[in-house]
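Asks: mind folding the following:
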Amino acid sequence: MVPRRFMLITAGFLLATFVVYRFLPWTPLSSINFGNGKALDSSTTSSLSHWKNPGTHSAQIQLFFDQVFSVSKPSPYSFPALSQSCSQAPWPSHPSEEIYLKCGGMAAGLTSIVSQVKVCLKMAVDTGSNLVLPAMPLRDSTDLTDFNFFNEAAYMTYDKWFDLKHLRAGMRKACPRMKIIHPDELDTTVTVKHTWNVEIGDAPGYHFPDSYFWVGRPFRTFFEEQFAKRKAEFEASTGGKGGGKEGVTVVTIGSPFLLFRITEDPTRQDLALWNDLALLVRFKEEPRQIIDRLLGHMERPFYGVHFRVEKDNIWSPLDVQLAADLDSLDRAWAKFGTPGAQKPLVYLACGDPEQVKIFETAGKERGWEVTHKWKVAEGNEETLGMIKDLPFDFQGAVDFGVMVRSEFYIGITGSAFSSTVANARDTTGRYRGSSFDVFEDEGARSHLNTDGAASSYPCCL
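Replies: Below you'll find the model as predicted:
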């Protein structure tokens with residue numbers, strides 16, 4: 001039976017998200033030849049800790065970490081799948097025909113925000129549209145169930161969440177026809193002639209939050225049909241005179257995560273594009289600096305565990321997750337460890353220091369030394385202060401970066417964070433299944449413990 005708490009919180013989240021969305025305006029990396037100098041112009045990625053294990057730090061992990069989390073400038077990367085998709089997009093032939101996509105309805109935890117940003121970027125690429133940087137609310141750091149949907153002061157534009165310079169540079173290289181502007185530029189430096197709205201809910205048979213668009217039902221077709229309707233409605237209302245004003249057309253649209261069924265393209269171009277878009281969403285300097293410092297302080301290998309037991313937990317309870325995680329740690333060491341060698345550290349990704357203590361005690365009883373961001377930074381007041389100054393979700397970005405670099409990773413299928421990390425560690429850009437079960441994991445070294453209420457997440461984050 002699904003817990004009542006899960007049902008209530010999930011229903012509240014989906015209802016609030018629907019209200020906002022409705023009413024408010026990778027290349028498969030195993031296929032890249034990293035030595036050809038085209039996809040990855042420089043294959044050098046600095047090791048941030050004092051130990052290395054190239055066997056598990058696959059090219060995928062190195063590339064993802066370098067583009068998204070490295071403290072220094074990332075190595076040049078050509079975004080080949082993005083370049084291919086942009087070359088096939090229907091870009092306008094005249095400036096008067098340009099469309100600027102302004103995505104809205106984007107809110108939730110950090111990795112869900114990342115997914116919604118990728119949905120927005122894919123919609124722009126698919127339709128040959130320019131982009132107005134989206135704004136997303138930062139949820140409350142103490143009440144994690146308060147997503148601040150209706151708190152205007154909590155909304156921050158993309159450049160406050162992520163590295164805008166990296167996004168612009170990647171788009172200039174792979175998608176040079178796409179223009180990216182800040183919302184403050186609308187009707188200041190960029191004259192707006194029309195502001196029209198397209199509702200994802202008008203797509204026949206679409207039910208939020210289910211995945212919907214795929215190569216057999218393209219978003220581009222739906223968008224072009226809806227845009228033509230808005231244009232016809234405007235012309236009918238003005239008698240075809242057009243109002244005489246020059247300027248661009250802004251289209252507001254919701255950007256719900258899970259919208260695209262990216263794994264249902266037999267050519268894998270959709271998945272390749274999705275993976276490249278993930279490499280565009282680079283975190284800001286503050287969490288990247290902290291990640292670099294933490295990795296520099298861990299002088300031996302570590303396994304990463306996502307312990308999802310914060311106050312907004314709607315998945316398996318603490319005791320169930322704890323038992324499953326400890327069993328998985330033992331199993332990982334038995335399968336991939338070296339007999340007689342010192343066990344790795346266990347780095348715990350968890351936003352609740354009190355629950356961390358419970359895991360530390362239980363782990364010690366099973367022979368595991370458990371650490372976490374606060375413990376690694378102990379004795380370094382500057383680093384501790386940097387961590388404490390970050391909102392909850394940006395602290396999650398720190399754990400995300402560390403998890404990507406772990407020798408083995410353990411999460412839970414009900415969590416967007418867990419699935420996103422597992423996807424990032426796999427050469428395909430998708431969690432292929434547990435490293436305990438698959439014949440060859442190509443260095444992914446990941447396992448997600450099954451949660452009964454998590455049947456729809458892994459596909460499309």
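Asks: contacts and neighbour counts: CA atoms only from here.
Replies: Will do.
Asks: for the strand or helix carrying E235, packing partners?
Replies: Secondary structure from DSSP states H and E places E235 in helix 219-238. Applying 3 or more CA pairs under 8 Å, 6 or more residues apart in numbering; DSSP states H and E, one finds that helix 219-238 contacts helix 110-127, strand 192-198.
Asks: so what touches whatever helix or strand comes next after that helix?
Replies: Remark: after helix 219-238, the chain's next helix or strand is strand 248-254, criterion DSSP H and E. By CA atoms under 8 Å, 6 or more residues apart in numbering, the residues outside strand 248-254 that reach it are 21-22, 25, 95-106, 190-200.
Asks: count of neighbours near the closest residue to P92 other than its chain neighbours?
Replies: Leaving aside its sequence neighbours, P92 sits nearest to E98 (CA to CA, 6 or more residues apart in numbering; 5.9 Å). Neighbour count for E98, taken as other CA atoms under 10 Å: 19.
Asks: what do you get for L259?
Replies: Each residue near L259 was counted by other CA under 10 Å, and the total is 23.
Asks: please check the contacts of strand 248-254 and keep the buried ones.
Replies: The neighbour count (16 or more other CA atoms under 10 Å) marks 21-22, 25, 98-106, 192-194, 196-198, 200 as buried among these.
Asks: how far off strand 192-198 does the helix holding E235 point, in degrees?
Replies: On the basis of axes from the mean of the first three to the mean of the last three CA atoms, to 10 degrees, helix 219-238 is oriented at 120 degrees to strand 192-198.
Asks: shouldn't C103 be within a helix?
Replies: No: counting by DSSP: H, G, I helix; E, B strand; the rest coil, C103 is not part of a helix but strand.
Asks: surely it meets S255?
Replies: Yes: using CA atoms under 8 Å, C103 makes contact with S255 at a distance of 5.8 Å.
Asks: got any residues that touch both of the two?
Replies: With CA under 8 Å, 6+ apart as the test, C103 and S255 both reach C120.
Asks: A232 versus the residue lying farthest from the centre of the chain, what's the distance?
Replies: Relative to the C-alpha centroid of the chain, counting by CA atoms, centre = their mean, G239 is the outermost residue, at 45.0 Å. G239 sits 10 Å away from A232, going by CA to CA, to the nearest Å.
Asks: try L82
Replies: Between L82 and A232 the computed distance is 32 Å (CA to CA).
Asks: so where do the strands sit in the stretch 1-150 of the chain?
Replies: Secondary structure of the stretch 1-150 of the chain (DSSP state E, counting those that start in this stretch): strands at 99-104, 130-132, 135-137.
Asks: which one of the ones you listed lies closest to R220?
Replies: Proximity to R220 (CA to CA) singles out strand 99-104 among the strands of the stretch 1-150 of the chain, at 12.8 Å.
Asks: can you list the strands that that closest one pairs with?
Replies: As defined by DSSP bridges, the strand partners of strand 99-104 come to strand 130-132 (parallel), strand 248-254 (parallel).
Asks: contacting residues for T383?
Replies: By CA under 8 Å, 6+ apart, the contact list for T383 reads 290, 293, 377.
Asks: can you check T188 too?
Replies: Counting by CA under 8 Å, 6+ apart, T188 has no contacts.
Asks: over to it: give its phi and psi.
Replies: Main-chain dihedrals, T188, degrees, to the nearest 10: phi -120, psi -80.
Asks: extract the residue ranges of the chain that are flagged as low pLDDT.
Replies: Along the chain, the parts satisfying pLDDT under 70 run over 1-57, 144, 242-244, 309-315, 452-459.
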